[in-house]
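Undergrad: Predicted model follows, preceded by the sequence.
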Amino acid sequence: QVQLVESGGGLVQAGGSLRLSCAASGIIFRVNPMGWYRQAPGKQRELVASITSGGSTSYADSVKGRFTISRDNPKTAVYLQMNSLKPEDTAVYYCNTASGGQPFGWGQGTQVTVTS
C-alpha cells in the first residue's frame, strides 16, 4: 500500500524559508522520479519541482532559483527547500511521482502560508 506523508509546512513571513519533507512507503522509491506539487485555493494542482531517480532536477519558472528539491533513496524521502518565500507560494504542498503517468494516492499534504 502506497503511503506518502508530507510535513514541514507552516506560517512564515515573506522572505523566509521552510523545508518540506515527504516520507514514501509502498513504492520502489529509487526508480521513481518524484515531484512536489502545490494547490492554492481555487486553483489547480501544479508541479513545482521534480527530481529523477538519478538526481536531475527541474523547476517551474515561478520557483526557479528559490526552491531546491532533493531526495534520499535509502530513506525513501524527498525534500523541498524553499527560500525567499512569497505570498503567492501559499498553498497545500504534496509529493507524488513525477513520471507523468497515473499518480499514487495523494497524501494529506502540508500547508504553507506566507504572509506579506
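TA: Received the coordinates, thanks.
Undergrad: My guess is Val48 contacts Ser62. True?
TA: Yes - Val48 is within contact range of Ser62, at 7.2 Å (criterion: C-beta atoms under 8 Å). Quick note: C-beta positions are derived from backbone N, CA and C, even for glycine.
Undergrad: Spell out which residues are contacts of both of the two.
TA: Counting by C-beta atoms under 8 Å, 6 or more residues apart in numbering, Val48 and Ser62 have no common neighbour.
Undergrad: which of the two has more neighbours?
TA: Legend: neighbour count by other C-beta atoms under 10 Å for Val48 and Ser62, higher for Val48 (23 against 13).
Undergrad: Show me the strands in the chain, by range?
TA: 3-7, 10-13, 18-25, 34-39, 46-51, 57-59, 67-72, 77-82, 91-97, 110-115 (DSSP state E).
Undergrad: want to throw the ones you listed into TSV with distance to Phe104?
TA: Listed next are the strands of the chain as TSV, based on distance: least, C-beta to C-beta, whole Å:
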stretch	distance to Phe104
strand 3-7	6
strand 10-13	25
strand 18-25	8
strand 34-39	10
strand 46-51	14
strand 57-59	19
strand 67-72	15
strand 77-82	12
strand 91-97	6
strand 110-115	16
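Undergrad: got a list of what the nearest residue to Tyr37 once chain neighbours are set aside touches?
TA: Ranked by C-beta to C-beta, 6 or more residues apart in numbering and with sequence neighbours excluded, the top spatial neighbour of Tyr37 is Tyr94, at 4.7 Å. Listed by C-beta under 8 Å, 6+ apart, the contact partners of Tyr94 are Leu4, Glu6, Trp36, Tyr37, Arg38, Gln39, Arg45, Trp106, Gly107, Gly109, Thr110.
Undergrad: If you go by neighbour count, which of those residues are buried?
TA: With burial judged by 16 or more other C-beta atoms under 10 Å, the buried subset of the contacts of Tyr94 is Leu4, Glu6, Trp36, Tyr37, Arg38, Arg45, Trp106, Gly107, Gly109, Thr110.
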